[in-house]
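J.: build me a structure from this.
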Amino acid sequence: MALFTTGEAVAVELPIARIPTRAAAFLLDLIVQVVIGLLLLLVLMALLNWLDADSAWQDAAMLVTLVSALIGYPVLFETFTRGRSAGKMAMGLRVVRADGGPIDFRHAVTRGLSGIVDFWMLGTGLIAVVVSMCSPQGRRIGDALAGTVVVHDRSRLPYAALAAPPPWLTGWARQLDLSGLPDELALSIRQYLLRWRTLTPEVRDRLGRALVITTCAKLGVAPLNGYPPLHILGAVLSERQRRAIPPPPMVVPQSPTDVFLATARLSA
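T.: Just a heads-up that it's a prediction; the model follows:
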């Protein structure tokens, strides 16, 4: 098991996928890759023969087939299925970010390119096995470079309370391009918001301003004037959560106390 701090700032334990399960998923993916590669090669060769192309075009077709099967297949599959390939689906595995969130194209490309080193450099996958055995979370080189972990996802995770953005900054946050916000910085923002009530006013202000300056620099926007760091960081984090995860089901409070507790959870 490994502990993740999810995009909702909730600690969740997920079972790490180990070598036997990942090896079985890899073999299933390899079968799919071979089938895709052969079909693509047959189509390209038939097209080149019909065009009466020379041997240079045939060599290019071989290269396109190899790259598409070995790199294109895992990258496209993991991008569109948010971390799953055919083999991982069969074995109940999923690739997630280091904070437990879903991966995107950037993570999939990094994993796909580094797979050449992990699996094909020695032709046996020995590098991936050795590196995974040395990692507490079973990471191969591609996982370490992409900041990802492979976990079992058979069990359904419960919904968690979301951070509520300040209404006066909702419009500003929805216009932000959050692709430049690193996962590590987002984790620092979540930790600051969670610990805000326990910090002294001096630390709140100093640490909050530093996080606002760093966050706005990463997003390419000017820091807002007249708003405390808590509001700005809360707006950025809540917008990131809104784009990354579905909204939780609405719970109708039964009493004024429930209303207060629900509001406190959303603003935490």
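
J.: neighbouring contacts of stretch 103-115?
T.: Contact with stretch 103-115 is made by 70-72, 74-76, 78-79, 82-83, 95-97, 140-143, 145-148, as judged by CB atoms under 8 Å, 6 or more residues apart in numbering. Every residue, glycine included, has its C-beta placed from N, CA and C.

J.: how does it look with 6 Å?
T.: With contacts defined as CB atoms under 6 Å, 6 or more residues apart in numbering, stretch 103-115 is touched by 71, 74-75, 78-79, 83, 95, 97, 141-142, 145-146, 148.

J.: pull the most distant pair out of the residues you listed.
T.: Put simply, by CB to CB the two of the contacts of stretch 103-115 set farthest apart are 71 and 97, 20.6 Å from each other.

J.: neighbour-wise, which of those two wins?
T.: A count of neighbours by other CB atoms under 10 Å puts residue 97 above the other of residue 71 and residue 97, at 21 against 17.

J.: shaky segments in the stretch 101-250 of the chain?
T.: Across the stretch 101-250 of the chain, the ranges flagged by pLDDT under 70 are 122-124, 154-164, 245-250.

J.: where along it do the strands fall?
T.: 148-152 (DSSP state E, counting those that start in this stretch).

J.: any idea how far residue 47 is from residue 60?
T.: Separation of residue 60 from residue 47 (CB to CB, to the nearest Å): 12 Å.

J.: OK, contacts around the residue lying farthest from the centre of the chain?
T.: Residue farthest from the centre of the chain, counting by CA atoms, centre = their mean, is residue 52 at 45.1 Å. Neighbour list for residue 52: empty [criterion: CB under 6 Å, 6+ apart].

J.: what's the pLDDT at it?
T.: Note on residue 52: pLDDT of 78.

J.: now do the phi/psi pair for it.
T.: phi 60, psi 50 (degrees, to the nearest 10).

J.: quick one, phi/psi of the residue nearest the centre of the chain?
T.: Closest residue to the average C-alpha location of the chain: residue 103 at 2.3 Å, with CA atoms, centre = their mean. Per-residue torsions, residue 103: phi -80, psi 170 (degrees, to the nearest 10).

J.: please tell me how far residue 19 sits from residue 106.
T.: Applying CB to CB, the value for residue 19 to residue 106 is 26 Å.

J.: quick revisit: restricted to helices, list the contacts of stretch 103-115.
T.: In this view, these that belong to helices under DSSP state H are 74, 75, 78, 79, 141, 142, 145, 146.

J.: how many other residues sit next to the second one?
T.: By that I understand residue 75. Around residue 75 there are 21 other residues, counting by other CB under 10 Å.

J.: fine by me, thanks again.
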